[in-house]
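Trainee: fold the following for me, if possible:
(chains A and B, ligands or ions: 2)
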Amino acid sequence: MQPFAYVRPATLSEALTLLDEHGPDASLLAGGTDLVVALRNRTLRPKVVIDLKRVAELRPSISDEEGWTTINATSVLTDISEDQRIRARYPALVDAAVTVGSAQIRNRATLTGNICHASPAADTAPALLVYGAIANVASVRGTSRVNLAEFFVGPRQTVLQPGELVTSIALPADATPRGATFVRITRRRGVDLATISLCCMVEATGRTQFAFGAVGPRPFLVADESGLLADLDVGDAAKDEVLRRLLTQASPISDVRGSREYREAMLLVMSRRALRLSIARLAAA
Amino acid sequence: MRIHVTVNGAERDLEVAPNTTLLDFLRDDLRLTGSKECCDLGECGACTVLVDGRSVNSCLMLAVEADASEVTTIEGLAKDGRLNPLQDAFLAKGAVQCGFCIPGQVMAGQYLLQRNPHPTLAEVREGLSGNLCRCGGYVQICEAVLAASEVGR
Ligand code: FES
Ligand code: FES
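Mentor: Ligands and ions are numbered 1, 2, ... in the order given. Now for the predicted structure:
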């Protein structure tokens, strides 16, 4: 690792001022499970590392305000998957959080870091997309809210501008009853990136959404408003037709985890599976 | 930067460069070489230690991040020269082959048993899924964790 300065701001305004001053020379440190690897591989060569873990406003916390469940920037995946409110309201996010890395990784990795790192295969992204999550963004210039569906630009690229950081991720309270499931394929259980991952949500209104990871340059969200997918009286062939249409937006590539053809074939299989599980979860809700 | 850490119960006050991982700090500065360096990527678990009671890959953490924390390494498990029940179980079950991965396996098992004193085999396998054993002794390793959980019954 090349040398860098390490700073540990105590307040958000200090952190934002530091980020503003150092611009592209600064890297933000939350959990460090991606950053430390990048520092060692020298894919990132910051002059300054800004550790956010002691920033008062960003301390690990999960809170309820005005119809939103807000997860602060330094909350780690273990905190999230063990939180009773998250377990009750956002089970697909829990499904996703517990598949990330290993117990050791989940004890350090943050949800916000997983999102800001913007890997096309980020495990938590599909669930956050179907739940309609937003990112609360701050800079010295002020704050804003970004819908997660607009957050990812491409591999490792987000809409965040220099000087901006995500202070929390917020999920809206469920308006209508719904069932959601996260499924993924990996080569081995534990410490592997997804070959494909997806999250399905079926609402009582019949609206069905899918979000996909690892099958395009960024995680993305699609919806079926016709109600057909959620309809128990519609046959598999008709549903497959709708699923295939939704899946035309996927553009998987071939890599060490699988070929494009394998990914395409498994997308349909896993979409059917997630749809069935989501319908069952809706019925149980 | 100067950091204050409690390692295996002993308070330490030391100067450390920001570009030092917690693993290198433990091994090179404190001469606690039980935690192993292998992948340096967070994939193998050989470097597993507990920080404030939670298992972490010490190769993925900067030493400066551990300032004001409590760290437990494999060297901290034995008390008064006696191995702890999990370490005993690793010996009794023949779970140690070359031994390289074992400090990490034991620390991951220790964390699992703290959170879930009576895990099922599936839970043990899941809890240790971040720890690789090149000798492939997974069956015995899982048996050892299960045996240690029986001791607590
Ligand atoms: S050396 Fe840390 S996980 Fe492999
Ligand atoms: S005992 Fe040799 S690597 Fe596990």
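Trainee: in chain A, mark out all the strands, start to finish.
Mentor: All strands of chain A, identified by DSSP state E, fall at A:5-7, A:26-29, A:48-51, A:62-65, A:68-72, A:134-139, A:142-147, A:152-154, A:157-158, A:165-172, A:178-185, A:196-203, A:208-213, A:220-224.
Trainee: ok, and the closest non-adjacent residue to A:Ala149?
Mentor: For A:Ala149, ignoring the flanking residues on the chain, the nearest one in space by Cβ to Cβ, 6 or more residues apart in numbering or on different chains is A:Leu221 at 5.2 Å. C-beta: built from backbone N, CA, C; applies to glycine.
Trainee: give me the distance between the one you found and A:Ile169.
Mentor: 15 Å (Cβ to Cβ, to the nearest Å).
Trainee: what about these two, which has more around it?
Mentor: Comparing A:Leu221 with A:Ile169 by other Cβ atoms under 10 Å in any protein chain shown, the one with more neighbours is A:Ile169, at 29 against 20.
Trainee: quickly list what the more buried one is bridged to.
Mentor: With DSSP bridges as the criterion, A:Ile169 is bridged to A:Ile71, A:Ala135.
Trainee: per-residue confidence for it?
Mentor: Per-residue confidence (pLDDT) for A:Ile169: 97.
Trainee: before we move on, back to that, could you give the bridge partners of the residue nearest to A:Ala149?
Mentor: Using DSSP bridges, the bridge partners assigned to A:Leu221 are A:Ala211.
Trainee: could you export the strands of chain A as CSV, including distance to B:Phe90?
Mentor: Below are these laid out as CSV (distance: least, Cβ to Cβ, whole Å):
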stretch, distance to B:Phe90
strand A:5-7, 37
strand A:26-29, 35
strand A:48-51, 36
strand A:62-65, 37
strand A:68-72, 37
strand A:134-139, 44
strand A:142-147, 49
strand A:152-154, 44
strand A:157-158, 44
strand A:165-172, 40
strand A:178-185, 32
strand A:196-203, 35
strand A:208-213, 38
strand A:220-224, 46
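Trainee: how many neighbours does B:Gly53 have?
Mentor: Around B:Gly53 there are 12 residues (other Cβ under 10 Å).
Trainee: and it, what does it touch?
Mentor: Going by Cβ atoms under 8 Å, 6 or more residues apart in numbering or on different chains, B:Gly53 touches B:Glu70, B:Gln114.
Trainee: follow-up on the earlier one: now for the strands of chain A, which one comes closest to ligand 1?
Mentor: Nearest to ligand 1 among the strands of chain A is strand A:26-29 (17.4 Å), distances taken as Cβ to the nearest ligand atom.
Trainee: so where do the strands sit in chain B?
Mentor: All strands of chain B, identified by DSSP E, fall at B:2-7, B:10-15, B:48-51, B:54-57, B:70-72.
Trainee: okay, these, which one's buried deepest?
Mentor: Highest mean neighbour count of the strands of chain B: strand B:54-57, a mean of 28 (counted as mean count of other Cβ atoms under 10 Å in any protein chain shown).
Trainee: so which elements touch that one?
Mentor: On a contact count with 3 or more Cβ pairs under 8 Å, 6 or more residues apart in numbering or on different chains; DSSP states H and E, strand B:54-57 meets helix A:103-106, strand B:48-51, helix B:102-115.
Trainee: distance to A:Leu267 and mean pLDDT added to these, as TSV?
Mentor: Formatted as TSV, these follow (distance: least, Cβ to Cβ, whole Å; pLDDT from 0 to 100):
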stretch	distance to A:Leu267	mean pLDDT
helix A:103-106	26	96
strand B:48-51	35	98
helix B:102-115	34	98
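Trainee: ligand 2 is nearest to which of the strands of chain B?
Mentor: Of the strands of chain B, nearest to ligand 2 by Cβ to the nearest ligand atom is strand B:48-51, at 12.8 Å.
Trainee: who's in contact with that closest one?
Mentor: The contact list for strand B:48-51 (Cβ under 8 Å, 6+ apart) reads A:104, B:22, B:26, B:35, B:55-58, B:61, B:66, B:69-74, B:103-105, B:107-108, B:110-111, B:130-131.
Trainee: measure stretch A:108-121 end to end?
Mentor: The stretch stretch A:108-121 measures 19 Å between its terminal residues, going by Cα to Cα, to the nearest Å.
Trainee: skip the chain neighbours and tell me the closest residue to the residue of chain A found nearest chain B.
Mentor: Taking Cβ to the nearest Cβ as the measure, the point where chain A comes nearest chain B is A:Ser102, at 2.2 Å. The shortest distance from A:Ser102 to any non-neighbouring residue, by Cβ to Cβ, 6+ apart, is to B:Gly130 (2.2 Å).
Trainee: and the one you found, how many neighbours?
Mentor: 24.
Trainee: hang on, it packs against B:Gly45?
Mentor: Yes: using Cβ atoms under 8 Å, B:Gly130 makes contact with B:Gly45 at a distance of 4.5 Å.
Trainee: so what sits against both of those two?
Mentor: Residues touching both B:Gly130 and B:Gly45 by Cβ under 8 Å, 6+ apart: A:Ser102, A:Gln104, B:Asn57, B:Ala108.
Trainee: right, and the last one touches B:Gly45 too?
Mentor: Yes: with contact defined as Cβ under 8 Å, B:Ala108 reaches B:Gly45; the gap is 5.9 Å.
Trainee: which neighbours do the two share?
Mentor: Shared contacts of B:Ala108 and B:Gly45, defined by Cβ under 8 Å, 6+ apart, are found at A:Gln104, B:Leu128, B:Gly130, B:Asn131.
Trainee: ranking those residues by neighbours, who comes first?
Mentor: The most crowded member of those, judged by other Cβ under 10 Å, is A:Gln104 (32 neighbours).
Trainee: now it: how far from A:Cys116?
Mentor: From A:Gln104 across to A:Cys116, the span is 21 Å (Cβ to Cβ).
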